[in-house]
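[1] Predicted structure and sequence below. I'll ask about it afterward.
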Amino acid sequence: MKMSRCGAATAAALIGVLATVGSAPAGAANIFLKAGDFYGPGITGVHPFNNAAIRNIDFTGNLQGTVPFFNNGGAAPNVSAEILLKAAIGGTVDGMTSDGRPINENVDTGLYLDLLDPVTGEAAKMMVVSPQPEQFAPDAQGNITFKVHVVADPGQANLVVPFDVIFTTGALQVPKSLRTQGGHDMAGPFHAGRVLIGRAGDFDHDGFLDGELVLAQNSPLDLVVAHGDPIAQRRPWISDIPVTSQESFALNVNGIVQNFPDALREARRHHDRRSIMDFGFDITLRLNAALYDLDKIIGARGIPSDIQERAELTRTLVREARRHVERGLDRLNEGDVREAVSGIEHGVSGLGEALTVFMTQS
């Protein structure tokens, strides 16, 4: 998805606001991946994740760093996908892929798949694991982005397939199949063109960074099942990375401003009422979390009067933006897709102004 029109300057300013996120954690940090869903490839269905973790993160800057390589063979901890695969096929847990690559056991995504293509009958059980150190950083829009090199391993050395994936708190669009014949232009329930949008902030209000990581891309053409068809994921996560209310608000609202406008335009172009409704409700929930952060900032003891005034102005603007989004949803319920998207877009545009005011005081 391309950057929104209010994007470049706002995203650049965001990085300055996030001066303490991940800059000096007490020791290595951890991201705890919660039970979400993996979709596809193609029509192979929805695959629930197991809880897992990305461990021992080393920060090298604001919201950027590395996940160092660690492997201790068959001794614990082993990644859960390896444990599940080798239990299913009768293998030995040794910290290795079938073709002899040591697994980075700091990157435990819990991605074990039991795939069946209902059309061709092709089937495979496989783990998807990382064999190397990995990196993450904010993209040009301020979204936290992991660019990861993985291997899909169905338990046979000659069928192991390496490929690159992107996990992000930003927006990704489900692509069409790479196959012109026999391919399926969908990832589980999501048809090609559907936009998935992640998030980052402090949505559970515990003082630590959390959110959702999404993925949407093609599977490798040489994958043993549904090769070249789209894959996608939605993966909630929490962490032990401290985050302030100011940082949470900035990350959350920047994510709305940067990632929803293109998705809304695409949904309107296709008259995709379901996506428009999902986006509207999603934005509303994010704004409720943003208002919680602002209430906490305004209510803090000893806050300078100029900062309090700007936070109160920001809160007024966010409340008005939420009203526009809610009116847009009302128009959608009345069957007016054009006016629905117009209302939601008006609200998102107002958030750009709110974020500018907020950045000035931060």
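    Alright, I've got the coordinates. Numbering: from 1, shown residues only.
[2] Quick one: the strands in the stretch 51-200 of the chain, in order.
    Counting by DSSP state E, counting those that start in this stretch, the stretch 51-200 of the chain has these strands, from start to end: 52-61, 64-67, 107-108, 112-116, 123-129, 134-138, 144-153, 161-168, 171-173, 186-187, 190-191, 195-197, 199-201.
[3] Export those strands as CSV, with columns for mean neighbour count, distance to Arg322 and mean pLDDT.
    Quick note: C-beta positions are derived from backbone N, CA and C, even for glycine. Written out in CSV, the entries for the strands of the stretch 51-200 of the chain read as follows (neighbours: other C-beta atoms under 10 Å; distance: least, C-beta to C-beta, whole Å; pLDDT from 0 to 100):
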stretch, mean neighbour count, distance to Arg322, mean pLDDT
strand 52-61, 18, 33, 93
strand 64-67, 19, 31, 94
strand 107-108, 24, 37, 97
strand 112-116, 20, 39, 96
strand 123-129, 22, 39, 97
strand 134-138, 20, 26, 95
strand 144-153, 21, 24, 97
strand 161-168, 18, 25, 97
strand 171-173, 21, 20, 98
strand 186-187, 28, 31, 98
strand 190-191, 18, 27, 96
strand 195-197, 24, 17, 98
strand 199-201, 26, 16, 97
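[4] which one of the ones you listed lies closest to Val357?
    Put simply, out of the strands of the stretch 51-200 of the chain the one that sits nearest Val357 is strand 199-201, at 18.0 Å, with distance taken as C-beta to C-beta.
[5] Find the helix or strand that Pro41 is a member of.
    When secondary structure is defined using DSSP states H and E, no element contains Pro41, which sits outside every helix and strand.
[6] Tell me how many other residues surround it.
    Around Pro41 there are 29 other residues, counting by other C-beta atoms under 10 Å.
[7] can you tell me how far it sits from Ala123?
    13 Å (C-beta to C-beta, to the nearest Å).
[8] which residues do those two both contact?
    Here Pro41 and Ala123 share the contacting residues 115, 225, scored by C-beta atoms under 8 Å, 6 or more residues apart in numbering.
[9] From the opening residue of stretch 298-305 to its closing one, how far?
    Taking C-alpha to C-alpha, to the nearest Å, stretch 298-305 runs 10 Å from one end to the other.
[10] Now do it, average pLDDT.
    Across stretch 298-305, the average pLDDT comes to 90.
[11] For that stretch, which outside residues touch it?
    By C-beta under 8 Å, 6+ apart, the list of residues contacting stretch 298-305 from outside reads 245, 297, 308, 311-312, 315.
[12] Can you flag the buried ones in the residues you listed?
    Burial by neighbour count, 16 or more other C-beta atoms under 10 Å: within those this picks out 245, 297, 311, 315.
[13] For those, could you give me JSON lines that also reports distance to Arg235 and secondary structure?
    As requested, the buried ones among the contacts of stretch 298-305 are arranged in JSON lines below (distance: C-beta to C-beta, whole Å; DSSP: H, G, I helix; E, B strand; the rest coil):
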{"residue": "Ser245", "distance to Arg235": "24", "secondary structure": "helix"}
{"residue": "Ile297", "distance to Arg235": "29", "secondary structure": "helix"}
{"residue": "Ala311", "distance to Arg235": "32", "secondary structure": "helix"}
{"residue": "Arg315", "distance to Arg235": "31", "secondary structure": "helix"}
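[14] And the next helix or strand past the helix or strand that contains Asp306?
    Element membership of Asp306 [criterion: DSSP H and E] is helix 305-333. Following the chain from helix 305-333 toward its C-terminal end, the next helix or strand by DSSP H and E is helix 337-361.
[15] what about that following helix, distance to the chain center?
    22 Å (C-alpha atoms, centre = their mean, to the nearest Å).
[16] Tell me the pLDDT of Ala26.
    According to the model's per-residue confidence, Ala26 sits at a pLDDT of 55.
[17] and what of the one 10 residues further on?
    Predicted confidence (pLDDT) at Gly36: the value is 92.
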